[in-house]
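In: here is my input; please provide its structure:
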Amino acid sequence: MSKEESGERGTFLRGALDLLVLRVLARGPQHGFGITKVLSELSQDWLQLEEGSLYPCLYRMEERGWVKSCVSSSENNRRARYYELTRKGGEELRRQIQNWREFSNVVDTVLE
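Out: So this is what the prediction gives:
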């Protein structure tokens, strides 16, 4: 991926990062590396999330009460911080999905 392509994708991602991370966590608790891996797999490698974007997002969501975290052993017996969606986070996910769909419909209408 060229630097220009990476920059364009970063612009798209900034506006949708909370939504995407909440959606991954709706599948179940996950550590940071796992979140980036799932997003990469689901997007067929289109989304390449950097730690410098992910962790501030997770900390912000934890402060807002959307996720909670705990330290546990990972699959390879390393200590890792796992993040889990809270009830408040589930409500926020539903709200953001609705907003995204409305926004997407408006953009589609304008583009046609």
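In: let me see the contact set for the residue nearest the centre of the chain.
Out: Among the residues of the chain, Val21 comes closest to the average C-alpha position under CA atoms, centre = their mean, at 1.9 Å. Taking CB atoms under 8 Å, 6 or more residues apart in numbering as the criterion, Val21 is in contact with 35, 39, 54, 57-58, 61. Every residue, glycine included, has its C-beta placed from N, CA and C.
In: what about it, helix or strand, and which?
Out: Val21 belongs to helix 3-25 when elements are defined using DSSP states H and E.
In: identify the farthest-apart pair in the contacts of Val21.
Out: Distance extremes for these: the farthest pair is Leu39 and Met61 at 14.8 Å, using CB to CB.
In: these two: which has the busier surroundings?
Out: In terms of neighbours (other CB atoms under 10 Å), Met61 is the more surrounded of Leu39 and Met61; the figures are 24 against 21.
In: which one is that one nearest to, not counting chain neighbours?
Out: Nearest residue to Met61, sequence neighbours excluded (CB to CB, 6 or more residues apart in numbering): Val67, at 4.7 Å.
In: what bridges to that neighbour?
Out: Under the criterion DSSP bridges, Val67 forms beta bridges with Leu85.
In: do you know how far it is from Glu112?
Out: For Val67, the distance to Glu112 equals 37 Å [CB to CB, to the nearest Å].
In: and the two? Which one has more around it.
Out: Neighbours per residue, other CB under 10 Å: of Val67 and Glu112, the larger number sits with Val67, 25 against 5.
In: for the more buried one, give its distance to Leu111.
Out: Separation of Val67 from Leu111 (CB to CB) stands at 34 Å.
In: Gly65 belongs to a strand?
Out: No: checked against DSSP: H, G, I helix; E, B strand; the rest coil, Gly65 lies outside a strand; its state is coil.
In: contacting residues around the nearest residue in space to Pro29 that is not next to it in sequence?
Out: In this structure, Pro29 finds its nearest non-sequential neighbour in Glu84, 4.2 Å apart by CB to CB, 6+ apart. Glu84 is in contact with 25, 28-29, 67-70, counting by CB under 8 Å, 6+ apart.
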